[in-house]
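> Below is the structure, and that's it, no one-letter string:
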């Protein structure tokens, strides 16, 4: 079973950059595909980006393509979400999630979740 802990959120201005981190622990954490999702009040959680266990495959939502980059460092059991050119509409609680091996864009495919980190982008 994986334990996930996000960090790196906070308040920023529009146009700023922020890097989120998600540290994973567990016996097989290096074989987990990881995903980032976000949620705002009153809305469903939405997919942001995902990366396969070895980093060979990545997916990104259309709304963040060209601005957000997902990457991972398996030696540190950590996945990152580099967020550039942030917009107010990126404001949300960001969650990382884990599943075995292959990346997926559906939150239903991820059994393990972190507690989330708040990102607030002001104009």
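Received it, and whenever you're ready, just let me know what you need. For clarity, every value in this text was computed on a predicted model and none was experimentally measured. Numbers count the residues shown, from 1 in each chain.
> Provide a list of residues in contact with the residue most central in space within the chain.
By Cα atoms, centre = their mean, the chain has its centre lying nearest to residue 36, at 2.4 Å. Residues counted as contacts of residue 36 (Cβ atoms under 8 Å, 6 or more residues apart in numbering) are 20, 22, 48-50, 70, 79, 81, 94-97. C-beta here means a position set from N, CA and C on the backbone, and glycine is covered the same way.
> Repeat the analysis, applying 7 Å as the threshold.
Counting by Cβ atoms under 7 Å, 6 or more residues apart in numbering, residue 36 touches 48-49, 70, 81, 94, 96.
> Nearest to residue 1 among those residues?
Using Cβ to Cβ, residue 96 comes nearest to residue 1 of those, at 15.0 Å.
> In which helix or strand does that closest one reside?
Assigned by DSSP states H and E, residue 96 belongs to strand 92-100.
> Now find how far off-centre whatever helix or strand comes next after that strand is within its chain.
Moving toward the C-terminus from strand 92-100, the next helix or strand (DSSP H and E) is strand 112-113. For strand 112-113, the separation from the chain centroid amounts to 11 Å (computed by Cα atoms, centre = their mean, to the nearest Å).
> average pLDDT across strand 112-113?
Mean per-residue pLDDT for strand 112-113: 96.
> who does that strand pair up with?
Here strand 112-113 has these sheet partners by DSSP bridges: strand 92-100 (antiparallel).
> Residue 69 contacts residue 85, doesn't it?
No - judged on Cβ atoms under 7 Å, residue 69 makes no contact with residue 85 at a distance of 11.5 Å.
> residue boundaries of the strands in this structure?
3-7, 10-13, 18-25, 32-39, 46-51, 58-60, 68-73, 78-83, 92-100, 112-113, 117-122 (DSSP state E).
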